[in-house]
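K.L.:
Sequence plus predicted model, see below.
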Amino acid sequence: MTPPPAALSRARTALIAAAVLAATATTALPAAAAPALPAAPAAATPAGATLPFTPLEAEAAALVGGASTVALTASPTTAYSSAAVEASGHAYVRLAATGQGVRWTNTTGAAVNAVNVRESIPDSATGTGTTATLNLYVDGVFRQALNLNSKQSWFYEGGDGHYNGSNQNPADGSPRDFFDESRAFVAGAPVAPGSTIELRKDAANSAAFYDIDVLDAENVAPPAAQPAGSLSISDCGAVASTTPTNGAAAPGAVDSTAAIQNCINQAQATNRTLWIPPGTFYLRGVAGLSAQNITIAGAGPWYSTVYRDVPLPNSTPLAAMFNLTSSRVQGFRVDSNALSREMPDGAGGAMDTTGANWVADGIWSQHVLSGYWASGSGGTVRNARVTAVWADGINVNNVSLGADHGNDLTVTNNFVRGTGDDALAINSVNYNTDSAGNRTYYTPMARITVTRNTAVAPWGGKGIGIYGGSGHLVENNLVADTARYIGLGAGRFGVNGSDLLGATVRGNTVIRSGGNGYSQGQPALHVGNGGDGQNVGIVDNVTVTGNTVISSLYDGVGFSASTNTLVQDNTVTAPGRNGFAIAPPFYPAATGSATLTGNTVTGLSAPGAAAFVNNSPAFTVTAANNSWNGGPTTPQGPYGGAPAQVPGTIQAENYDTGGPGAGYFVNTVNGTGNTYRADGVDLEATTDTGGGYNLGWTSNGQWQRYTVDVAAPGTYIATFRYAAPAATTGALHLSNAAGASLTGPVNLPATGGWQTWGEATAQLTLPAGRQTITLAQDAGGWNLNHLRLASSGTTTPSGDLAAARPATASSHYDVYSPANLTDADRNTYWESVGAFPQWIQTDLGTAQQVARIVLRLPTGWGTRTQTITLTGSTDGTTFTTLKAQAAYTFDPATDNTVTLTFPATTVRHLRVNISANTGWPAAQLSQLQAYNQ
């Protein structure tokens with residue numbers, strides 16, 4: 001919840017003058033090596049919601065045609081915004097020229113039939129927005145043009161009094177709210193597992209640039225059927241539009257407001273469920289809908305939509321689209337043409353709710369003032385998707401629709417991204433004052449449960465705000481990438497808010513959060529009464545246990561005036577400033593008390609930073625058993641207790657124990673493999689053969705140490721199993737315990753992607769016995785899965801060079817994709833469309849010698865002869881013939897296998913050209929294996 005301007009008048013005068021500093025530091029970087037939403041460390045219950053879709057971060061994808069990654073590289077030095085600070089993962093990919101693209105492999109394990117893209121295109125010169133298309137490809141084949149717009153994004157803050165406002169004049173500068181979201185079903189067949197999805201800027205795509213943040217890949221179920229005995233709004237005269245919206249209402253859409261309200265009245269009178277069928281139904285005008293003690297159900301949020309089209313500019317105060325008392329709503333989407341959170345721009349909420357035992361289940365809200373503004377008792381918001389809204393995502397309170405209480409409310413398993421205020425809020429109001437100065441008092445909120453939610457990239461407000469009341473539980477939530485403000489805060493809101501007299505905050509994960517709103521350098525997790533410009537009121541008896549704070553932009557955990565706070569068994573990794581801070585800048589703690597025990601801070605890197613600082617002598621701290629005051633520490637040693645054996649394989653993720661400065665050093669924390677080792681090293685799950693984890697987000701100055709036992713002295717060949725979208729010169733070297741280089745600089749040729757694996761070698765000499773080898777990262781842009789050390793006097797025969805390598809083809813039919821060629825399953829196969837000639841090829845990752853390939857069809861298939869030419873290439877562009885055209889028979893008597901041998905040739909790409917098939921009117925192969933002998 002962003003404080004109102006009046007509430008901040010004392011603080012803002014000095015701060016805004018100082019806020020016009022250097023722009024937020026961003027730079028074009030190689031793509032990061034994994035999705036930008038790290039998993040929580042291992043716990044009894046994982047943090048975050050269980051989602052029906054998989055977010056695929058653009059910075060983790062393969063870049064095409066010179067596309068570039070833009071990432072936040074340092075904590076912001078200005079109070080103003082940037083696209084990088086508002087992006088999930090604090091990074092995005094820019095497509096700025098024809099032919100540039102961003103490509104993901106479908107690793108979701110399911111077919112993908114729908115995508116939702118968080119993206120940004122430029123505003124117009126007048127601030128009214130633009131429209132443009134962006135092309136979507138599947139396995140390199142064009143499928144459709146996505147419709148995008150910038151009508152519902154881009155505000156400007158450079159003029160006086162515009163900070164946190166909704167000014168839409170580009171001439172004022174200092175833009176914010178860069179990203180919007182666009183969704184579409186995938187045209188044609190669903191995207192099979194292993195196939196690729198690409199967004200590409202073609203000549204027909206007219207925007208000057210496309211900033212791609214994340215693509216949500218989803219396998220949407222068919223629409224739900226109308227419940228038996230229900231009343232459809234179509235029966236009352238509501239008319240659906242089939243024309244998609246794109247930042248504004250579809251022209252000529254019919255106003256169904258009166259028809260839907262009439263249907264609600266009938267359903268209430270007859271105790272029937274109200275049904276919203278597939279289609280977009282319009283509320284044109286300023287009226288909302290009201291319902292009591294009713295169930296309203298839709299076919300699903302991808303099918304049933306209620307869209308509010310307000311004539312702009314608007315001069316009428318707007319109620320929410322749905323004003324609900326003791327009702328249940330489920331399975332539809334709400335959207336609107338609102339241009340900001342201001343009344344003239346059509347701002348109105350999606351749902352205002354009160355009463356008893358109400359339920360909101362599976363509702364998707366977009367472009368509305370708030371997703372939910374809910375009070376009453378016993379109500380639940382669950383399985384919601386709230387994206388790109390102007391204010392709070394889900395605000396449970398004690399004032400909605402004239403209520404005076406908010407008790408025993410539950411907010412669970414919701415996904416909220418890109419809100420203009422708090423993503424999730426418990427908002428206990430003590431009193432409100434009317435225009436005549438009369439006060440209305442409310443019952444403080446009690447026993448609110450906020451659990452297993454995911455809150456990502458609010459561009460205004462907190463990830464989760466706990467404002468007053470008592471008995472609350474905020475547990476197992478994931479908060480990531482706040483742009484300006486605290487990630488998770490427990491306190492009180494404003495002079496008229498209720499005191500906070502008890503809350504438990506446990507098991508949450510807060511990543512890359514905090515921010516420089518009002519130039520305050522706000523912490524990622526905060527307890528106290530000064531978090532929103534009002535250093536007043538009581539914050540007492542807050543328990544903060546078992547939380548994980550990773551890569552905070554400033555302090556990891558901050559405390560202002562508060563009493564009896566228990567802070568136990570929390571982990572802060574790689575904070576931008578201090579680990580735990582009493583009275584950090586702009587958060588006074590003139591009085592207070594807290595007990596800190598069993599907390600751990602690792603990865604301090606800022607000059608002068610400390611694991612714990614107390615800037616207020618009047619704030620009493622009782623501290624014991626923390627990492628900075630005698631808590632248990634882990635000495636450096638081999639991971640798992642046993643050193644790696646040489647000759648043998650060293651897994652990159654099994655660096656030594658001992659923490660930063662002993663077992664490893666990293667500059668920043670970005671990785672997702674925290675379930676394996678929750679210590680801040682940048683690990684991620686790998687798709688390489690054998691699975692496990694790989695080291696990622698490499699950069700100059702980082703290092704990992706490995707304790708090994710060398711069987712015999714001598715010269716060894718080090719083989720690095722790595723992935724790199726682009727070639728990196730002097731990427732790394734190995735050194736001994738004295739710091740002397742053992743290998744010299746090691747160059748890593750391009751493999752083509754972050755999970756496209758190849759091998760590079762270097763030579764080193766080792767003495768016998770136990771010793772430490774350091775892997776030094778000298779330049780970034782690569783991932784490492786493992787390191788093999790073999791005696792230089794031995795030769796290890798190569799296995800299948802094509803195993804699990806990426807494959808592409810001239811075409812494929814239905815689900816028979818190129819990825820089936822190099823998987824481990826003999827019975828999955830590639831099949832082209834019904835025409836000849838066709839080709840399929842695989843990328844070995846690096847140029848290497850090949851002397852033999854083996855081609856197979858499924859074992860149970862009948863005999864057929866295919867006419868084949870084999871070609872090879874080192875660059876993927878120029879191919880030479882390795883085996884001239886000939887007819888080859890696949891016979892079940894010989895295992896449906898054909899072997900092609902030829903003089904050993906150095907190639908990276910192998911292409912099988914097929915010009916005829918006697919058994920089927922298309923090209924077919926189930927396996928291609930490649931060998932160097």
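P.N.:
Structure's in. What do you need?

K.L.:
Now the helix ranked longest in the chain: buried residues?
P.N.:
In the chain, taking DSSP state H as the definition, the longest helix is helix 257-270. Going by neighbour count (16 or more other CB atoms under 10 Å), the buried part of helix 257-270 is 257, 259-261, 263-264, 267-268. For every residue, glycine as well, the C-beta is placed using N, CA and C.

K.L.:
just checking, what packs against that helix?
P.N.:
In terms of contacts (3 or more CB pairs under 8 Å, 6 or more residues apart in numbering; DSSP states H and E), helix 257-270 is packed against strand 231-232, strand 274-276, strand 279-284, strand 289-292.

K.L.:
quick one: that helix to strand 279-284, angle?
P.N.:
Per axes from the mean of the first three to the mean of the last three CA atoms, to 10 degrees, the angle that helix 257-270 makes with strand 279-284 is 110 degrees.

K.L.:
Distance from helix 257-270 to the middle of the chain?
P.N.:
40 Å (CA atoms, centre = their mean, to the nearest Å).

K.L.:
avg pLDDT for it?
P.N.:
Per-residue pLDDT values over helix 257-270 give a mean of 98.

K.L.:
Using CSV, list the CA coordinates for that helix.
P.N.:
In CSV, the C-alpha atoms belonging to helix 257-270 read as follows (Å, rounded to 0.1, in the frame of the first residue of the first chain):
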residue,chain,number,x,y,z
THR,A,257,-25.2,-4.5,-17.7
ALA,A,258,-29.0,-4.5,-17.3
ALA,A,259,-29.3,-8.1,-18.6
ILE,A,260,-26.8,-9.5,-16.2
GLN,A,261,-28.2,-7.6,-13.2
ASN,A,262,-31.7,-8.8,-14.1
CYS,A,263,-30.3,-12.4,-14.2
ILE,A,264,-28.6,-11.9,-10.9
ASN,A,265,-32.0,-10.8,-9.4
GLN,A,266,-33.7,-13.9,-10.9
ALA,A,267,-31.0,-16.3,-9.6
GLN,A,268,-31.3,-14.8,-6.1
ALA,A,269,-35.0,-15.1,-6.1
THR,A,270,-35.0,-18.7,-7.2
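
K.L.:
contact partners of it?
P.N.:
230-233, 235-239, 272-274, 281-285, 287, 289-294, 296, 306 (CB atoms under 8 Å, 6 or more residues apart in numbering).

K.L.:
Could you save the buried residues of helix 257-270 as CSV and add columns showing distance to Phe179?
P.N.:
Listed next are the buried residues of helix 257-270 as CSV, based on distance: CB to CB, whole Å:
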residue, distance to Phe179
Thr257, 30
Ala259, 35
Ile260, 31
Gln261, 34
Cys263, 36
Ile264, 35
Ala267, 38
Gln268, 39
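
K.L.:
Nearest to Ser519 among these?
P.N.:
Thr257 (45.1 Å; CB to CB).

K.L.:
how near is that closest one to Ser327?
P.N.:
18 Å (CB to CB, to the nearest Å).

K.L.:
And for Asn314?
P.N.:
26 Å.

K.L.:
shaky segments in the stretch 751-900 of the chain?
P.N.:
Within the stretch 751-900 of the chain, the ranges that satisfy pLDDT under 70 run 793-798.

K.L.:
what about 50?
P.N.:
Low-confidence segments of the stretch 751-900 of the chain, defined by pLDDT under 50: 794-798.

K.L.:
try the chain
P.N.:
2-44, 794-798.

K.L.:
How far off centre is stretch 196-207?
P.N.:
Distance, centroid of stretch 196-207 to centroid of chain: 22 Å (CA atoms, centre = their mean).

K.L.:
Of the helices and strands packed on helix 257-270, flag the one that's most buried.
P.N.:
Most buried of the helices and strands packed on helix 257-270, by mean neighbour count (mean count of other CB atoms under 10 Å): strand 274-276, with a mean of 27.

K.L.:
Describe which strands it pairs with in its sheet and in which direction.
P.N.:
The pairing partners recorded for strand 274-276 under DSSP bridges are strand 231-232 (parallel), strand 295-298 (parallel).

K.L.:
What's the first helix or strand after the first one?
P.N.:
Using DSSP states H and E, the helix or strand that follows strand 231-232 towards the C-terminus is strand 240-241.

K.L.:
Also the longest one?
P.N.:
Past strand 295-298, further along toward the C-terminus, the next helix or strand under DSSP H and E is strand 304-309.

K.L.:
starting at the chain centroid, how far to the helix or strand just after that following strand?
P.N.:
Next along the chain after strand 304-309, taking DSSP H and E as the criterion, comes strand 322-325. Strand 322-325 has its C-alpha centroid displaced from the chain centroid by 32 Å (CA atoms, centre = their mean).

K.L.:
Which strands border strand 322-325, and is each parallel or antiparallel?
P.N.:
Assessed with DSSP bridges, strand 322-325 is paired to strand 289-292 (parallel), strand 351-354 (parallel).

K.L.:
what does that strand rub up against?
P.N.:
Against strand 322-325 from outside (CB under 8 Å, 6+ apart): 288-293, 296, 306, 329, 334, 350-355, 358, 401.

K.L.:
try it again with 10 Å
P.N.:
260, 264, 283, 288-294, 296, 306, 329, 334, 349-356, 358-360, 363, 372-374, 376, 379, 400-403 (CB atoms under 10 Å, 6 or more residues apart in numbering).

K.L.:
how close does Ile363 get to Gln100?
P.N.:
36 Å.

K.L.:
After the helix or strand hosting Val544, which helix or strand is next?
P.N.:
Of the helices and strands defined by DSSP H and E, Val544 is found in strand 542-545. For strand 542-545, the succeeding helix or strand toward the C-terminus, using DSSP H and E, is strand 548-550.

K.L.:
For the following helix or strand past that next one, which strands pair with it and how are they oriented?
P.N.:
Per DSSP H and E, the first helix or strand lying C-terminal to strand 548-550 is strand 557-559. Paired neighbours of strand 557-559 in the sheet (DSSP bridges): strand 525-527 (parallel), strand 580-582 (parallel).

K.L.:
which residues sit against the last one?
P.N.:
When contacts are defined by CB under 10 Å, 6+ apart, strand 580-582 is touched by residues 523, 525-526, 528, 549, 554-560, 562, 567, 570, 572, 575, 587, 589, 592, 594, 596, 599, 601, 609-621, 623, 626, 628.

K.L.:
try it again with 6 Å
P.N.:
555, 557-559, 589, 612-616, 619 (CB atoms under 6 Å, 6 or more residues apart in numbering).

K.L.:
In PyMOL, how would I select the buried members of those?
P.N.:
Selection of buried members from these for PyMOL, criterion 16+ other CB under 10 Å:
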select buried, resi 555+557+558+559+589+612+613+614+616+619
